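J.: one predicted model, sequence on top.
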Amino acid sequence: MARVRAVFFDVGWTLAYPTVSMWEIFANLCAEAGVQVTPESCEQLVYALFTGSQGNAEQQFYAGAQYADSDEAFAGMFAQMGRLVFSQMGVEDHHDELMQRFLQAFWNDANWVAFPEVAHVLAELRAEGVKLGVLSNAPSDLPKFLNRLGIAPFLDFSVVSAIEGVKKPDRRIFTAALTRAGVAPEDAVHVGDMYLEDVLGGRAAGLTTLLIERGPHAMFPNFRESLGRPIEPDSVVNNLSEVIQRIR
């Protein structure tokens, strides 16, 4: 790999994770509605729906689909997921109210913490002159999260989908990050936890990509994102320290 001049990072399950997972929150809300389910069953349900639609999603991507985003779209994505979970788990009503409570519990900066190696790795990369940026599908309040998490001081810029109006895997958002960093695609690496959004999206924009799998702190902790994917083993990492090893 040529000398890397810039590294872009996804945020959720890459730089930071929720201390109470979305699956725990869904299970707790179902229990409050009188339906006893496990976090694992909620995760399994959404994972099955997610993987079942992945083939079609990839076809649309390769066909040139574009991906708009906004705060409303971000909330709507979770609302759709919540309605599916609650209905499939047997919660009969009050889905919209439950989803408001879900978002308040999940997308709450007090619920998120940075992974332990983040500050050290970002500081090391920055000391070497590497431009660092966040490139994340997230609502417009993400910069506030990055400040509270102590990540913002290490970054040269942030590219947030709801602010840009476009989200990964759309190459336009990767181009925006390259422009902010002032580098060519071949000089940049993108690190994220989703195969379509981060790996395929980044590759299509000409970047080198690394898929990060955070084990018990991944979005789907019981399912590896690389499983069954045509991705080389050296393009998969488990933490940011391995990112440094890959790009040197």
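T.: Good, I have the coordinates.
J.: switch to C-alpha atoms for all contacts and neighbour counts from now on
T.: OK.
J.: got the buried residues for the lengthiest helix in the chain?
T.: If you go by DSSP state H, the chain has its longest helix at helix 39-62. Buried residues in helix 39-62, counted by 16 or more other CA atoms under 10 Å: 42-44, 46-47, 58, 61.
J.: show me where this protein has strands.
T.: Using DSSP state E, the strands found in the chain span residues 6-9, 16-18, 112-114, 131-136, 157-160, 188-192, 208-212, 236-237.
J.: out of these, flag the one nearest residue 170.
T.: Comparison of the strands of the chain against residue 170 by CA to CA identifies strand 131-136 as nearest, at 11.8 Å.
J.: output the contacting helices and strands for that closest one.
T.: strand 6-9, helix 118-127, strand 157-160, helix 171-181 (3 or more CA pairs under 8 Å, 6 or more residues apart in numbering; DSSP states H and E).
J.: repeat that with 6 Å
T.: Under the contact definition 3 or more CA pairs under 6 Å, 6 or more residues apart in numbering; DSSP states H and E, strand 131-136 sits against strand 6-9, strand 157-160.
J.: hey, which of these is tucked in deepest?
T.: By mean neighbour count, with neighbours taken as mean count of other CA atoms under 10 Å, strand 6-9 ranks first of the helices and strands packed on strand 131-136 at a mean of 25.
J.: can you redo the helices and strands packed on strand 131-136 as JSON lines with distance to residue 220 and mean pLDDT?
T.: Converted to JSON lines, those look like this (distance: least, CA to CA, whole Å; pLDDT from 0 to 100):
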{"stretch": "strand 6-9", "distance to residue 220": "19", "mean pLDDT": "98"}
{"stretch": "strand 157-160", "distance to residue 220": "22", "mean pLDDT": "98"}
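J.: thought residue 201 was touching residue 169?
T.: Yes - counting by CA atoms under 6 Å, residue 201 does reach residue 169; the two are 4.0 Å apart.
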